[in-house]
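Below is the structure, and that's it, no one-letter string:
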């Protein structure tokens with residue numbers, strides 16, 4: 001009920017609120033539509049797996065070009081479930097609340113960087129595929145040290161309170177992994193995902209969407225999608241809504257805290273000597289999203305120098 005009320009309010013507000021025109025990606029972590037387009041163009045140039053899409057013309061947003069309504073990458077593999085790469089018991093104390101003011105605040109999962117854990121977790125590196133790079137930092141062991149120096153650890157974030165009230169998650173709890181403990185454990189069941197990024201006018205940030213399929217290209221149910229989401233985020237920040245440009249039901253990472261996260265990550269990147277330009281906003285955004293969906297192996301722009 002709460003989610004439905006918030007969705008109705010947000011939809012009404014977007015019809016009357018003006019489009020943001022003042023840049024604030026460094027000061028507030030938000031984007032104008034023009035900055036979203038600029039960062040999206042940079043993402044498409046540096047990562048051939050990502051592309052602009054128009055979607056349903058009748059659902060086009062007037063503040064974006066008709067042929068650049070959202071970004072998409074398709075058939076992205078997911079070879080493992082999140083529970084297979086997350087040791088929740090040992091790492092529970094490392095979880096941090098990004099919003100201390102709310103009991104149901106936004107949770108950041110700890111990065112898997114312990115050497116002992118790395119020995120116990122099998123590599124999820126896929127066979128070479130066209131333009132696809134694994135999202136998890138564990139997928140590129142040769143570049144691990146460089147990535148850790150360049151990219152701020154989200155576990156270190158202490159975000160300021162966000163005035164926007166967090167919407168509750170509407171997906172059911174993830175069901176136990178049915179692939180474990182069976183006679184067919186040696187068979188790898190590869191799921192695939194279509195991933196989309198839209199511009200959220202209300203929150204003035206990118207919004208990340210995902211639609212999943214099993215090995216037979218049958219759509220995944222919501223509880224199955226949760227199996228590929230970090231446990232804490234699956235419980236708190238994942239909702240199911242009609243995708244704004246097609247109407248298809250899709251899971252989404254709620255954007256209420258994206259601005260605070262991006263502001264902090266941008267500040268930390270600059271403090272470490274790496275300039276935070278609007279072009280690279282979505283590059284850093286995708287690296288942040290990788291902590292939420294650790295087993296979905298999308299191209300997170302190593303070619304862009306991040």
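Arrived safely. Keep in mind that what you see is a predicted model, and the values were worked out from it rather than measured.

Please tell me how far residue 287 sits from residue 63.
26 Å (C-beta to C-beta, to the nearest Å). Placement of C-beta: from N, CA and C, glycine included.

Which one's more surrounded, these two?
Counted by other C-beta atoms under 10 Å, residue 287 and residue 63 do not tie: residue 287 has more neighbours, with 21 against 16.

mind checking the end-to-end distance for stretch 233-249?
End-to-end span of stretch 233-249 (C-alpha to C-alpha, to the nearest Å): 19 Å.

List the buried residues in it.
Residues 233, 234, 235, 236, 237, 238, 239, 243, 244, 245, 246 are the ones in stretch 233-249 that count as buried (16 or more other C-beta atoms under 10 Å).

looking only at pLDDT, what's the mean for the one helix or strand the first one maps to?
By that I understand residue 233. Using DSSP states H and E, residue 233 sits within helix 231-236. Helix 231-236 shows an average pLDDT of 80 in the prediction.

which other helices and strands contact that helix?
strand 107-108 (3 or more C-beta pairs under 8 Å, 6 or more residues apart in numbering; DSSP states H and E).

repeat that with 6 Å
With contacts taken as 3 or more C-beta pairs under 6 Å, 6 or more residues apart in numbering; DSSP states H and E, helix 231-236 sits against no other helix or strand.

Show me what secondary structure element comes after that helix.
strand 238-242.

That following strand: partners in the sheet, and parallel or antiparallel?
Here strand 238-242 is paired, per DSSP bridges, with strand 249-253 (antiparallel).

got the residue ranges for the strands in the chain?
For the chain, the strands defined by DSSP state E cover 51-53, 70-78, 96-97, 107-108, 191-200, 205-213, 238-242, 249-253.

tilt between the second one and strand 191-200?
Using axes from the mean of the first three to the mean of the last three C-alpha atoms, to 10 degrees, one finds that strand 70-78 and strand 191-200 are set 160 degrees apart in direction.

shaky segments in this protein?
The chain contains residues with pLDDT under 70 at 1-4, 6, 9-10, 14, 16, 86-188, 299-306.

all helices for it, in order.
In the chain, the helices defined using DSSP state H lie at 2-16, 33-46, 88-91, 115-120, 144-150, 222-225, 231-236, 258-271, 281-289.

So for stretch 54-61, what gets flagged as buried?
55, 60, 61.

What lies in contact with that stretch?
For stretch 54-61, contacts defined as C-beta atoms under 6 Å, 6 or more residues apart in numbering pick out 66, 67, 69, 245, 246.
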